[in-house]
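Novice: model this:
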Amino acid sequence: MFGSVINNSMSPFIVTTSHRPTPEQIELAKELAEELSIKFVARNNKSVQDLLTSAGCNGIMVVSATRISFLTGSSEFFFHPSLAKVRIKEIKDGKNDRMIQAMSIGAGDSLLDCTLGLGTDAIVASYVVGESGRVIGLESSPVIATIVRRGLKNYQRIEEDLTAAMQRIEVIKTTHKEYLASLPPHSFDVVYFDPMFRVPMRNSPSIDALRAIANSDPVDLETIELALKVCKRRVVMKERRGSEEFSRLGFTKFYGGKNSPVIYGVIEQVGLK
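Specialist: Here you go, the predicted model:
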C-alpha cells in the first residue's frame, strides 16, 4: 500500500528508545538513525511529546524491547502480521482467498507487490508461492520500508510456516514507477497494486497510522502500462467496489465476494504462452 517519506511538507523526524533501554536497543536505534540519515536522541526519561517539541519535528521512531514503532500525533505505526495469519489459516482449511484467486498464483510463481505497506497481502502471497516462488514488495516510504522489512525478518510469535513466508519477502525501498521502468519485460508472473483508498473503508488504528506516513498518490496510466510490460500473466489492483479508479485505469475483469465492499480488478497479459 503506499509510500512517501513522511510527507515532504513535514519536518524531519528523530529516533529514540523506550525508557530504560538496553545497550542493544540503543545500538539498534543508532543504526536506524544512520540508515535513515536522521538524528538519534537519547530518551533521558523524557516523554514522546517532550522529545517532539524539543526536536521541532512531527514524528519519532521508537525502539523498544518488543518492536520498532513510529509515532506522529495520536497515531502509532508498527509491524504485525495483521490479517495475514487469519487468511493463511483459512487457506489451510480449504477456503478461497479472493486476492489469490484474482492473482491466480501458486507454488513457484513470482509476484511484484508495488504497494507493500504493512505487508499483509505480500505475506499471504509468499505463503502460497512457497519456497520455490518469489515475492518482492516495493515501498517508497523510508519509515514504512524500514519498520516492515525488519518486522518481516524478526517477528517470531507465529507458526513456523508463516514465519518462513514472511522472511522470504524481499523489501525494496523505491517508488513503483521507477522500479517497474528498470525491469526487463516479463520479469514477474503478476504485478499487484493496493493503493491507498481515496476514502477510508473504516476507522482502523493500524491503517490510520499507516495513512499518516504513506504516499496517497493514485496509480497512473503510465504505471499500469509499465506493469503490463513487466508481468507475464496479469496486473491486479485492489479497490473499493464501484471505484472509478478501475475504469480510469482500464480494469474490466473483477474478482470479489458478492457483498464484499472491496474487489480485485484484473488486466490479463495477452500474446504470451
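Novice: Would you mind measuring from the residue nearest to Ser82 when sequence neighbours are not counted to Ile38?
Specialist: Closest residue to Ser82 apart from its sequence neighbours, by Cβ to Cβ, 6 or more residues apart in numbering: Thr120 at 4.6 Å. C-beta coordinates here come from the backbone N, C-alpha and C atoms, glycine included. Distance, Thr120 to Ile38, by Cβ to Cβ, to the nearest Å: 27 Å.
Novice: next one: Ala125
Specialist: 31 Å.
Novice: So for the two, which residue has more residues nearby?
Specialist: Taking other Cβ atoms under 10 Å, Ala125 and Ile38 do not tie; Ala125 has more neighbours (27 against 19).
Novice: right, and the more buried one touches Gly106 too?
Specialist: No - applying Cβ atoms under 8 Å as the test, Ala125 and Gly106 come out as separate, 10.5 Å apart.
Novice: which residue is nearest the middle of the chain?
Specialist: Closest residue to the average C-alpha location of the chain: Gly117 at 1.9 Å, with Cα atoms, centre = their mean.
Novice: how much space between it and Gly137?
Specialist: The spacing between Gly117 and Gly137, counted by Cβ to Cβ, is 9 Å.
Novice: list residues touching both of these two?
Specialist: Shared contacts of Gly117 and Gly137, defined by Cβ atoms under 8 Å, 6 or more residues apart in numbering, are found at Val148.
Novice: any chance you could map the helices in this protein?
Specialist: Counting by DSSP state H, the chain has helices at residues 23-36, 48-55, 84-92, 98-103, 120-129, 142-154, 160-168, 176-182, 205-213, 221-230, 244-249.
Novice: deepest of those helices, which one?
Specialist: Among the helices of the chain, helix 120-129 has the highest mean neighbour count (mean count of other Cβ atoms under 10 Å), at a mean of 26.
Novice: now for it, which elements pack on it?
Specialist: Counting contacts by 3 or more Cβ pairs under 8 Å, 6 or more residues apart in numbering; DSSP states H and E, helix 120-129 is packed against helix 84-92, helix 98-103, strand 110-113, strand 134-139, helix 160-168.
Novice: Now that Ala33 has come up, it's in contact with Val15, right?
Specialist: Yes - here Ala33 reaches Val15: they are 4.4 Å apart, a contact under Cβ under 8 Å.
Novice: Identify the contacts common to these two.
Specialist: Shared contacts of Ala33 and Val15, defined by Cβ under 8 Å, 6+ apart, are found at 39-40.
Novice: count of residues packed around the nearest residue to Thr175 once chain neighbours are set aside?
Specialist: Closest residue in space to Thr175, ignoring its immediate chain neighbours: Ser140 at 4.6 Å, by Cβ to Cβ, 6+ apart. Using other Cβ under 10 Å, Ser140 has 24 neighbouring residues.
Novice: gap between Ser140 and Val266?
Specialist: Distance of Ser140 to Val266, computed by Cβ to Cβ: 24 Å.
Novice: Could you do Leu226 as well?
Specialist: Separation of Leu226 from Val266 (Cβ to Cβ): 17 Å.
Novice: Local confidence estimate at the residue nearest to Thr175?
Specialist: According to the prediction, Ser140 has pLDDT 92.
Novice: Could you list the low-pLDDT ranges of this structure?
Specialist: The chain contains residues with pLDDT under 70 at 1-11, 197-212, 271-273.
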